[in-house]
Each structure stands twice: as structure tokens, then as C-alpha cells.
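J.: the sequence isn't on hand, but the structure is:
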């Protein structure tokens with residue numbers, strides 16, 4: 001073989017190798033129509049009311065047709081992130097902090113933010129003798145899980161108040177925090193609804209701080225909806241069907257407040273074997289707002305908050321995270337205002 005032929009062969013081999021790598025890493029995933037099954041994750045919390053109602057009232061299954069709906073519940077976001085990244089879950093209702101973490105851990109590839117679900121619904125509740133954040137020095141404060149949404153919020157707040165290292169943060173399942181608080185083993189908790197309301201009603205806690213007070217306008221994305229990117233690419237019509245059920249659940253809840261609370265309570269009883277008392281349910285419900293708006297403009301700040309809280313080394317780049325195309329298609333078809341991506345749909 002001549003020298004020129006050898007060079008040509010090497011060039012061709014290099015080109016073919018390059019094409020093969022691109023085909024593996026960057027080739028677009030082809031749509032495959034409706035999925036046989038969609039696996040949906042959420043929490044048995046009032047902050048996940050849209051999911052609880054959508055499942056309990058059959059609003060998802062109505063839109064999904066022949067697609068089977070399989071559900072799984074979680075205590076906190078980090079476990080749900082592992083399920084998403086491990087591809088044992090397709091769509092998830094999740095806190096904003098873990099939602100960002102899922103995007104960052106996969107270098108922006110594995111998940112997409114597709115809708116909002118709840119604004120508000122988290123409070124710092126404390127023993128009656130605690131009257132200021134400074135009174136938490138030397139005390140134990142519970143959060144549901146390391147690096148979950150409330151864990152980040154608490155640690156960021158402590159850092160801003162120069163209390164890092166002076167307050168012990170203990171990660172405790174929401175249900176367990178109630179018993180620990182009653183026994184005096186913890187003195188405070190940054191908890192989502194209905195757990196903050198239960199701590200007040202059942203354990204004698206008081207609200208020291210509502211997280212709404214820390215945000216301009218008193219709104220922040222407590223719960224959002226994310227999807228595995230590959231599932232979105234392969235089964236957009238299934239994702240659209242879930243979003244139709246999601247919008248229907250929120251609309252029904254807003255139009256039927258009392259029935260919506262009953263539906264949530266029935267779902268909680270099925271999942272946890274316990275209903276909420278009327279006073280707890282009312283307090284929790286009044287502390288949240290159901291919304292399809294993910295408040296995308298907050299996500300760059302939320303990514304920075306994880307660094308302030310010392311649960312991330314650097315702020316996640318959330319550019320390209322949001323894909324509201326299907327949600328806005330559903331909203332537009334119903335004559336509703338579209339949700340803004342605030343630049344999060346562009347890399």
C-alpha cells in the first residue's frame with residue numbers, strides 16, 4: 001500500500017470513528033408514540049396536592065388512555081432524584097432544590113423541567129420558648145433529607161444569619177420528626193406542609209418563620225414537575241397526557257376547594273394510613289398555592305442557594321433546563337396564559 005493510501009485509510013477510519021461517537025452521544029432520540037407505561041413519583045404531602053388529586057380522581061388515567069399509570073411515593077427529593085437518574089421513574093413531582101440537583105448531576109442531559117405544581121408551603125416551626133433565629137444556637141433543627149429543598153433553605157438561612165456550625169441540622173423523615181419533637185429530641189423543624197401544620201397542632205410547635213417571607217412577592221417554587229429527557233423525546237404524547245391531567249387537577253382543586261381537601265385527605269389516608277384533622281388540613285391548604293407556573297426566574301438564585309447552604313460546590317448551570325412547550329400547548333388549547341421560561345429554555 002502506498003503512503004498516500006495509508007494516509008487516506010487513516011483519515012477515513014478517523015472520520016468513521018467520529019461519526020460513531022456522535023451517533024452514540026448526540027443522535028436525536030426518535031419518538032415512539034404513546035408509552036405502554038408511565039411511572040409517576042410524588043410525596044404524600046399537601047405540597048404535592050396536584051399529584052394526589054390527579055391520581056385519586058383518575059384525572060391522569062383519563063388522559064392516558066391505554067397507557068398504564070404506575071405510581072411511587074417518596075419522603076424527600078434526593079431519593080426521587082436517584083430513581084429518575086436510575087431510570088426507574090419517568091415523571092416526578094419534586095422540590096425545586098433536588099430538581100436542580102438532578103439536572104446538574106447529569107450535566108444537563110437526564111431531566112427537563114416541564115411544569116410548576118405548588119408555590120409556598122414550608123415553614124420553620126419551633127418550641128414555644130424559641131423566639132428568634134438566634135435562640136436556635138445549640139439547638140437541633142430537623143429537615144426531611146440531606147440536600148432536599150427544605151434542607152437547602154434552612155442551611156442558606158443559617159448562613160445568612162452567621163449561624164452555620166452553631167445549629168445542628170438533623171435529617172429526619174417527616175413522620176419521625178413529629179415524635180422527636182414531642183420527646184424534645186429536636187427543638188425545631190424546617191418542614192413542608194402538612195408536617196409544619198401537624199407539628200403546630202399535635203406537638204405544640206409555633207411558626208417562627210414562613211419561607212414565603214424570604215421571597216419577593218411571597219412566592220417560590222416549592223414543588224415542580226420534571227421528566228426524564230429520553231422519555232420526553234420518545235413519548236411526548238404521553239407526557240402531554242400527564243400534563244393535561246396535571247392542569248385538570250389544579251383547575252378542579254381551585255374550583256372545588258372543600259372537595260379538593262377531601263380528595264387530598266383520602267389520598268393521604270391511603271398512602272400513610274392516617275387522615276389529617278380539619279384544623280391541620282385547613283392550615284396546610286391555606287399555606288400553599290397550586291400553580292402550573294414553575295417560576296423559572298427563581299432557578300438561577302436557587303442554584304446559588306445550594307452553594308450558600310454548602311450542599312453544592314458551585315452553582316448549577318440551569319440554562320436549557322426548562323421545556324414548557326407541551327405545557328403551553330395544553331394551556332393554549334384551553335385559552336389559558338402560557339408559562340414563561342425566563343431564559344431557562346435556552347443554552
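T.: Good, I have the coordinates. Computed from a prediction, not measured in an experiment: that's the story for all the values here.

J.: list the contacts of the closest residue to residue 57 other than its chain neighbours.
T.: Excluding the flanking residues, the one nearest residue 57 by C-beta to C-beta, 6 or more residues apart in numbering is residue 263, at 6.0 Å. The way it works is simple: take the backbone N, C-alpha and C, and place the C-beta from them, glycine included. Neighbouring residues of residue 263 by C-beta atoms under 8 Å, 6 or more residues apart in numbering: 52, 53, 56, 57, 253.

J.: next helix or strand past the helix or strand hosting residue 97?
T.: Element membership of residue 97, judged by DSSP states H and E, is helix 96-105. Where DSSP H and E defines the elements, the next helix or strand beyond helix 96-105 is strand 111-120.

J.: now do the helices in the protein.
T.: Here the chain has its helices, by DSSP state H, at 3-25, 49-56, 59-64, 77-85, 96-105, 149-160, 174-183, 195-203, 229-234, 236-255, 257-272, 278-286, 299-308, 325-333.

J.: the fifth one versus helix 299-308: what angle between them?
T.: I take that to be helix 96-105. Using axes from the mean of the first three to the mean of the last three C-alpha atoms, to 10 degrees, the inter-axis angle of helix 96-105 relative to helix 299-308 is 90 degrees.

J.: about what we covered before: give me the helices and strands touching the helix holding residue 97, please.
T.: helix 77-85, strand 111-120, helix 149-160, strand 221-228, helix 299-308 (3 or more C-beta pairs under 8 Å, 6 or more residues apart in numbering; DSSP states H and E).

J.: pull the residues that contact it.
T.: By C-beta under 8 Å, 6+ apart, helix 96-105 touches 76-78, 80-81, 84-85, 94, 110-111, 113, 147-149, 151-153, 220-224, 226, 298-299, 302-303, 305-306, 312, 316-318, 321.

J.: and if we set it to 6 Å?
T.: 77-78, 81, 84, 111, 148-149, 152, 221, 224, 226, 302-303, 316, 321 (C-beta atoms under 6 Å, 6 or more residues apart in numbering).

J.: next, the angle strand 111-120 makes with that helix.
T.: Between helix 96-105 and strand 111-120, the angle comes out at 170 degrees (the same axes, to 10 degrees).

J.: spatially central residue in the protein, please.
T.: Central residue of the chain (C-alpha atoms, centre = their mean): residue 94, 1.9 Å from the mean position.

J.: could I get the contacting residues of that one?
T.: With C-beta under 6 Å, 6+ apart, residue 94 has these contacts: 77, 80, 226.

J.: so the second one sits against residue 91, correct?
T.: No - Residue 80 sits out of contact with residue 91 when judged by C-beta atoms under 6 Å, with a separation of 10.7 Å.

J.: and the angle from the helix holding residue 97 to strand 221-228?
T.: Using the same axes, to 10 degrees, helix 96-105 lies at 30 degrees relative to strand 221-228.

J.: chain center to helix 96-105, what's the gap?
T.: Chain-centre distance of helix 96-105: 9 Å, with C-alpha atoms, centre = their mean, to the nearest Å.

J.: and that helix, what's buried?
T.: 96, 97, 98, 99, 100, 101, 102, 103, 104, 105 (16 or more other C-beta atoms under 10 Å).

J.: from residue 200, how far off is the fourth one?
T.: What it means is residue 99. Distance from residue 99 to residue 200, counting by C-beta to C-beta, to the nearest Å: 28 Å.

J.: so how far does stretch 324-339 reach from one end to the other?
T.: Using C-alpha to C-alpha, to the nearest Å, the end-to-end distance of stretch 324-339 comes to 7 Å.

J.: next: stretch 223-232.
T.: Counting by C-alpha to C-alpha, you get 19 Å between the two ends of stretch 223-232.

J.: can you name the residues in contact with it?
T.: Residues outside stretch 223-232 that contact it (C-beta under 6 Å, 6+ apart): 29, 47-48, 90-94, 96, 99, 110-118, 239, 294.

J.: mean confidence score for that stretch?
T.: Here stretch 223-232 scores 98 as its mean pLDDT.

J.: that stretch: how far from the chain's middle?
T.: 10 Å.

J.: ok, now stretch 223-239?
T.: Per C-alpha atoms, centre = their mean, the centroid offset for stretch 223-239 relative to its chain is 14 Å.

J.: kindly report the same for stretch 122-140.
T.: Taking mean C-alpha positions (C-alpha atoms, centre = their mean), stretch 122-140 and its chain are 26 Å apart.

J.: pull out the buried residues from that stretch.
T.: 122, 123, 124, 125, 126, 127, 130, 133, 136, 140.

J.: contact partners for the last one?
T.: This means residue 140. Taking C-beta under 6 Å, 6+ apart as the criterion, residue 140 is in contact with 168, 170, 186, 187.

J.: for it, give the beta-bridge partners.
T.: residue 168 (DSSP bridges).

J.: check the second one too.
T.: Using DSSP bridges, the beta-bridge partners of residue 123 come out as residue 191, residue 210.

J.: that one contacts residue 195, correct?
T.: No - applying C-beta under 6 Å, one finds residue 123 not in contact with residue 195, separated by 9.1 Å.
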